[in-house]
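# I need the structure of the sequence given here:
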Amino acid sequence: MPQFVIADALVSVISSPLVTPFRIATGQHDELENVFICLRTSDGVCGYGEAAVATHITGETIPGTLANLERVAAALKGRFVADPEAVCREFAPSLKGNHAALAALESAILDITCRIKGIPLYQYFSPATDKGNKLTFNTDITIVIGSVEEARTATAQYSAQGFTTFKIKVGKDEAIDLERVLAVREIAPQSELILDANMGFNAARMLAFLDQLDQHGARPVLLEQPVPKYDWEGLSTITKALEGNETLVCADESVSSLSDAKRAIDTGAVSAINIKTMKSGLLEGAEIARLAARNNIPLMLGAMMESALSITASAHMAAGLGCIDYADLDTTFFIKGELSHSPYLDNTGKFELKGAGPGIGVEPKF
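From the prediction side, this is the model:
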């Protein structure tokens, strides 16, 4: 493992306009506004991290995250690093409740580590199964909460670009949601459908909604977080009702740590898990993935409103672990400007990590 000295650390809030508001059942993003950190070694090697704050989902705030990362940055200046993961673990307790800040720190430390070693970040994450890594894969694309006509327009655009999996946000208005899902199915009849309720239903209403979709031949392949975060009984009810069905029930907000994942798996409350680095950090996120893989639990790797920096870091993690069944790493398609560009993602939603350079491969301007 390379050793290095952190000579300087910079923290900054960087914002970028969105193509369209990113609306979900519990709130919306009108712009990208995240906290970024840059660590520079005494040899001039830089590593970058991003904390994507989603107050309406996690309760984290920009001021709190900025203060935490500024504190971490001050403590790291002049620090000799012999064990990168040990440094991350050292700061983790003080960042409890601010996992986006932890994700940013881990990203920057691992970015430096891999740049010094001359390897792409994905090589840091050894494969979780004997299938090896997966360097080429596609992300879905999100159809945000909105009107039926907006859903039609977005689906037509993304389908023409080459997207084949549509993740439809639901949970705000069930009647309109039904029309929106059916509109996506009509315009992209061969596509896979994912529904993300963002905690907008209870078990009975969710099952009734799925029955309506069944009547129209629009059964989703995956249903994400249908009920509130702590409604484990509701998750279990839906999972049992869909047993033997083609629809996976996926925990998102309910699983933000390794202990949450263990509970979800041990109780059989869900049939899939969504990992996000902003919920757990990169290192614990990888642990969750390995736990799920050992138990044959399908995985989604998702994101908050993240720029190309964090999205690309997650893509590396997915590629290295090789056990991600569904990639939901599409937020760069909603961002305007330089922060939307990942060197390993094309306009069809395909990630290609073969031939990736050292580290993450994205360098935001501070």
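# quick one: contacts for Gly234?
Asn202, Ala203, Met206, Pro226, Val227, Pro228 (CB atoms under 8 Å, 6 or more residues apart in numbering). Where C-beta positions appear, they are placed from N, C-alpha and C, glycine not excepted.
# Just the CA coordinates for the lowest-mean-pLDDT helix or strand in the chain, please, in CSV.
Ranking every helix and strand in the chain by mean pLDDT, DSSP states H and E puts helix 55-58 at the bottom, with a mean of 88. This file holds the C-alpha atoms of helix 55-58, laid out as CSV (Å, rounded to 0.1, in the frame of the first residue of the first chain):
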residue,chain,number,x,y,z
THR,A,55,-31.8,17.0,3.1
HIS,A,56,-35.3,15.8,2.2
ILE,A,57,-34.0,12.2,2.3
THR,A,58,-31.2,11.9,4.9
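# Now do the end-to-end distance for stretch 344-355.
Stretch 344-355 stretches 9 Å from its first residue to its last (CA to CA, to the nearest Å).
# How about residues contacting that stretch?
Against stretch 344-355 from outside (CB under 8 Å, 6+ apart): 120, 122, 135-141, 161-163, 308, 311-312, 315-316, 318-319, 327, 329-330, 332-333, 342, 356, 361.
# redo that, cut-off 10 Å
120-123, 133-141, 158, 161-165, 308, 311-312, 314-316, 318-320, 327, 329-330, 332-333, 342-343, 356-357, 360-362 (CB atoms under 10 Å, 6 or more residues apart in numbering).
# Weed out the non-buried ones from these.
120-123, 133-135, 137-141, 158, 163, 165, 308, 311-312, 314-316, 318-320, 327, 329-330, 332-333, 342, 356, 360-362 (16 or more other CB atoms under 10 Å).
# thinking again about what came up before, the least confident helix or strand of the chain packs against which elements?
strand 27-41, helix 62-76, helix 277-294 (3 or more CB pairs under 10 Å, 6 or more residues apart in numbering; DSSP states H and E).
# Need the ones you listed in TSV (columns: distance to Leu213, mean neighbour count and mean pLDDT).
TSV is the format used below for the helices and strands packed on helix 55-58 (distance: least, CB to CB, whole Å; neighbours: other CB atoms under 10 Å; pLDDT from 0 to 100):
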stretch	distance to Leu213	mean neighbour count	mean pLDDT
strand 27-41	24	21	95
helix 62-76	38	18	98
helix 277-294	26	23	98
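# and of those, who's closest to Asp214?
helix 277-294 (27.5 Å; CB to CB).
# Just the C-alpha atoms of that closest one, please, in PDB.
Listed in PDB are the C-alpha atoms of helix 277-294, where the atom choice follows Å, rounded to 0.1, in the frame of the first residue of the first chain:
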ATOM      1  CA  THR A 277     -22.100   5.500  -1.200                       C
ATOM      2  CA  MET A 278     -23.900   8.600   0.300                       C
ATOM      3  CA  LYS A 279     -25.700   6.400   2.700                       C
ATOM      4  CA  SER A 280     -22.800   4.200   3.900                       C
ATOM      5  CA  GLY A 281     -19.600   5.400   2.400                       C
ATOM      6  CA  LEU A 282     -17.600   3.500  -0.200                       C
ATOM      7  CA  LEU A 283     -15.900   1.000   2.200                       C
ATOM      8  CA  GLU A 284     -19.100   0.000   4.100                       C
ATOM      9  CA  GLY A 285     -21.000   0.000   0.900                       C
ATOM     10  CA  ALA A 286     -18.600  -2.600  -0.500                       C
ATOM     11  CA  GLU A 287     -19.100  -4.700   2.700                       C
ATOM     12  CA  ILE A 288     -22.800  -4.600   2.200                       C
ATOM     13  CA  ALA A 289     -22.300  -5.700  -1.400                       C
ATOM     14  CA  ARG A 290     -20.200  -8.700  -0.300                       C
ATOM     15  CA  LEU A 291     -22.700  -9.700   2.400                       C
ATOM     16  CA  ALA A 292     -25.500  -9.600  -0.100                       C
ATOM     17  CA  ALA A 293     -23.500 -11.500  -2.700                       C
ATOM     18  CA  ARG A 294     -22.800 -14.200  -0.200                       C
END
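# Give me the next element, helix or strand, following it.
strand 299-301 (DSSP states H and E).
# which secondary structure elements does that following strand contact?
strand 248-251, strand 272-275, helix 277-294, helix 308-321, strand 326-327.
# on that earlier part again, in the least confident helix or strand of the chain, which residues are buried?
Ile57, Thr58.
# Outside of that helix itself, list whatever touches it.
Applying CB under 10 Å, 6+ apart, the set of residues contacting helix 55-58 is 24-29, 52, 61-62, 64-65, 97-100, 198-199, 229, 252-253, 256, 276, 278-279, 304-305.
# Run the chain-centre distance for that helix.
14 Å (CA atoms, centre = their mean, to the nearest Å).
# Ok, stretch 50-62 next?
13 Å.
# can you give me the end-to-end distance of that stretch?
12 Å.
# next one: stretch 156-173
End to end - CA to CA - stretch 156-173 spans 22 Å.
# Where do the strands of this protein begin and end?
Secondary structure of the chain (DSSP state E): strands at 4-24, 27-41, 46-51, 79-81, 136-138, 141-143, 165-169, 192-196, 222-224, 248-251, 272-275, 299-301, 326-327, 350-352.
# tilt between the third one and helix 308-321?
What that stands for is strand 46-51. 100 degrees (axes from the mean of the first three to the mean of the last three CA atoms, to 10 degrees).
# What strands line up against strand 46-51, and which way round?
Partners of strand 46-51 in the sheet, by DSSP bridges, are strand 27-41 (antiparallel).
# give the contact list for Val221.
165, 191-195, 246-248, 272, 298, 325-326.
# could you flag which of those residues are buried?
For these, a burial check counting by 16+ other CB under 10 Å picks out Thr165, Ser191, Leu193, Ile194, Leu195, Thr247, Leu248, Ala272, Pro298, Asp325, Tyr326.
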